[in-house]
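**Q** generate a structure from the sequence data that follows.
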Amino acid sequence: MSNVERIIRLKTVLARTGLSRSTLYRKIAEGSFPRQVPISVHGAGWHESAVSRWIADPRTYRKEGGAPR
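**A** You can find the predicted model right below:
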């Protein structure tokens, strides 16, 4: 199970990034923060590795495959 991608929830993402909830969702809409992944009917989370990539370099993060704006 060493290759299992860890999913983190909203509270953890906010704590790690220091962003407010509204800023986080604005950045998702702009494409400058990773999108959530569904984990249940009413729940979602983020891939920990994607959030870590954003933390490492937030100014240049763009979703994979997307052209920088």
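**Q** pairing partners for the longest strand belonging to the chain, with directions?
**A** Using DSSP state E to define each element, the chain has its longest strand at strand 44-47. The sheet places strand 44-47 alongside strand 7-8 (antiparallel), strand 37-38 (antiparallel), with pairing taken from DSSP bridges.
**Q** JSON lines please, covering these and showing mean pLDDT, distance to Thr23 and mean neighbour count.
**A** Where you see a C-beta, it was placed from the backbone N, CA and C, and this is true even at glycine. Putting the strands paired with strand 44-47 into JSON lines (pLDDT from 0 to 100; distance: least, C-beta to C-beta, whole Å; neighbours: other C-beta atoms under 10 Å) gives the following:
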{"stretch": "strand 7-8", "mean pLDDT": "98", "distance to Thr23": "17", "mean neighbour count": "16"}
{"stretch": "strand 37-38", "mean pLDDT": "96", "distance to Thr23": "20", "mean neighbour count": "11"}
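**Q** out of these, the one nearest Thr17 is which?
**A** Distances from Thr17 to each of those were compared using C-beta to C-beta; the shortest belongs to strand 7-8, at 10.7 Å.
**Q** list the contacts of that closest one.
**A** Applying C-beta atoms under 8 Å, 6 or more residues apart in numbering, the contact partners of strand 7-8 are 16, 37, 39, 45-48, 51.
**Q** neighbours of Gly18, how many?
**A** Number of residues near Gly18 (other C-beta atoms under 10 Å) recorded here: 8.
**Q** actually Ala29, sorry about that
**A** Burial measure for Ala29: 10 neighbouring residues, criterion other C-beta under 10 Å.
**Q** for it, helix, strand, or coil?
**A** State at Ala29, reduced to three classes by DSSP: H, G, I helix; E, B strand; the rest coil: helix.
**Q** and the residue nearest to the spatial centre of the chain, what pLDDT?
**A** The residue lying closest to the centre of the chain (C-alpha atoms, centre = their mean) is Pro34, at 3.5 Å. Reported pLDDT at Pro34 in the predicted model: 96.
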